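Visitor: What follows is a predicted protein model with its sequence.
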Amino acid sequence: MSIERRDPSWRVRYRDEGGSNRSHSFDLRRDAEVFEREVRRRKQLGELAMVDAGKQSLNEFLDEWLHRYAISILSEKTLRDYGSVYDLHLEPRLGLTPLRSITPSVVDNVRAQLSSGRRQADHPQGALAPERHPRQGRLVGLPHTKPRQRGREANAAS
């Protein structure tokens, strides 16, 4: 492991757990030293793979999740349902995106794209999913019905 000057930056070189050469560049020497200490610490703890965590894409992560967890825990129908939703809505928008780049604002943008793309033809039942009114916080798009009366209120009304 080493820190070397590469104008205009500092580079930390190290080997990962698989023996591959890795490097990270920093503007400040102090940042490079902090990173080098972290790599050493993670090597001692056996967690060096965590240094590169988040570089894998959402597709890669979900493939790993599917094989390590989901297949043994979830029913076939649930797996099919999750897969169709992912394939239709998320994979085209986020599939190749590295996990560390999927921030709350990215999720909000995708959700807004999905919401704005809703049309009557997209829903076989012919009804749009309910949404909240932006100012009043109440559900819109649902038929307005009187609240169901319970207990004594129902008996008194009859």
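Guide: Noted; the coordinates are in hand.
Visitor: Tell me how many other residues crowd residue 14.
Guide: When neighbours are counted by other Cβ atoms under 10 Å, residue 14 registers 20. The C-beta positions use only the backbone N, C-alpha and C, and glycine is treated the same way.
Visitor: now it, which residues is it bridged with?
Guide: Note on residue 14: beta-bridge partners by DSSP bridges are residue 22.
Visitor: thought it was touching residue 1?
Guide: Yes. Counting by Cβ atoms under 8 Å, residue 1 is a contact partner of residue 14 at 4.4 Å.
Visitor: Report the set of residues contacting both of these two.
Guide: Here residue 14 and residue 1 have 36, 39 as joint contacts, going by Cβ atoms under 8 Å, 6 or more residues apart in numbering.
Visitor: Show me how the record splits this structure into domains.
Guide: 2-52, 54-116 (automatic domain parsing).
Visitor: least reliable of those domains going by mean pLDDT?
Guide: For those, mean pLDDT drops lowest on domain 2-52, to a mean of 84.
Visitor: For this protein, which segments are assigned as strands?
Guide: Per DSSP state E, the chain carries strands over the ranges 2-6, 9-15, 21-26, 131-132, 139-140.
Visitor: Contact partners for residue 12?
Guide: 1, 2, 3, 23, 24, 25, 26, 32, 35, 36, 39.
Visitor: Among those, which one lies nearest to residue 57?
Guide: Closest approach between the contacts of residue 12 and residue 57, by Cβ to Cβ: residue 24, at 19.6 Å.
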